[in-house]
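Q: no sequence on this one, just coordinates:
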């Protein structure tokens with residue numbers, strides 16, 4: 001497994017690849033429409049064959065131009081869950097946000113999986129996050 005930063009054109013292709021290969025109702029919630037359009041890059045975990053197994057997106061100006069840099073969506077394909085890939089892609093994305101100079105980064109917690117990722121972070125990682133509890137609506141998918 002390896003991680004890779006994806007700029008917008010490649011990020012858009014990656015999302016379409018996930019929609020084609022692993023479609024479930026969570027994907028359009030995380031990466032559909034404006035949620036992808038506000039993102040300029042993201043981080044992916046690729047398996048040994050080069051297929052994306054985890055993806056996280058970055059909106060430098062936040063969703064709906066809120067002004068707060070945001071990690072908009074984090075997704076791990078179902079057959080790769082439980083291996084720490086969500087945490088790995090989130091951490092890689094958070095590092096990328098810090099490389100861009102973002103002092104604070106917003107993340108919305110909308111699933112139990114995301115809550116577990118947040119709980120696994122170090123105090124240093126927590127210090128840069130603006131965590132918003134948004135219910136667990138993705139747990140039903």
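A: The structure has been received and is ready for your questions. The model shown is predicted, which means the values in this text are computed figures rather than measured ones. Numbers count the residues shown, from 1 in each chain.

Q: what are the pairing partners of the host helix or strand of residue 131, and which direction each?
A: With secondary structure defined by DSSP states H and E, residue 131 is part of strand 129-133. On the basis of DSSP bridges, the sheet neighbours of strand 129-133 come out as strand 105-109 (parallel).

Q: tell me the average confidence for the strand it pairs with?
A: Average pLDDT, strand 105-109: 96.

Q: helix or strand right after it?
A: Proceeding C-terminally, strand 105-109 gives way to helix 112-120 as the next helix or strand, assigned by DSSP H and E.

Q: Buried residues, that following helix. List them.
A: Using 16 or more other CB atoms under 10 Å as the test for burial, helix 112-120 gives 113, 114, 117, 118. (Each C-beta comes from the backbone N, C-alpha and C, glycine too.)

Q: So what's the residue count around residue 50?
A: Close neighbours of residue 50, defined as other CB atoms under 10 Å, add up to 8.

Q: Check which helix or strand it maps to.
A: When secondary structure is defined using DSSP H and E, no element contains residue 50, which sits outside every helix and strand.

Q: Phi and psi next, for it.
A: Taking degrees, to the nearest 10, you get phi 90, psi 10 for the backbone angles of residue 50.

Q: likewise the one 10 residues further on?
A: Dihedral angles of residue 60 (phi, psi; degrees, to the nearest 10) stand at phi -60, psi -30.

Q: Let me see the ranges of the helices in the protein.
A: Ranges of helices within the chain are 8-22, 26-31, 34-37, 85-99, 112-120, 123-127, based on DSSP state H.

Q: In terms of secondary structure, what does the third one contact?
A: In this structure, helix 34-37 makes packing contacts with helix 8-22, strand 70-76, judged by 3 or more CB pairs under 8 Å, 6 or more residues apart in numbering; DSSP states H and E.
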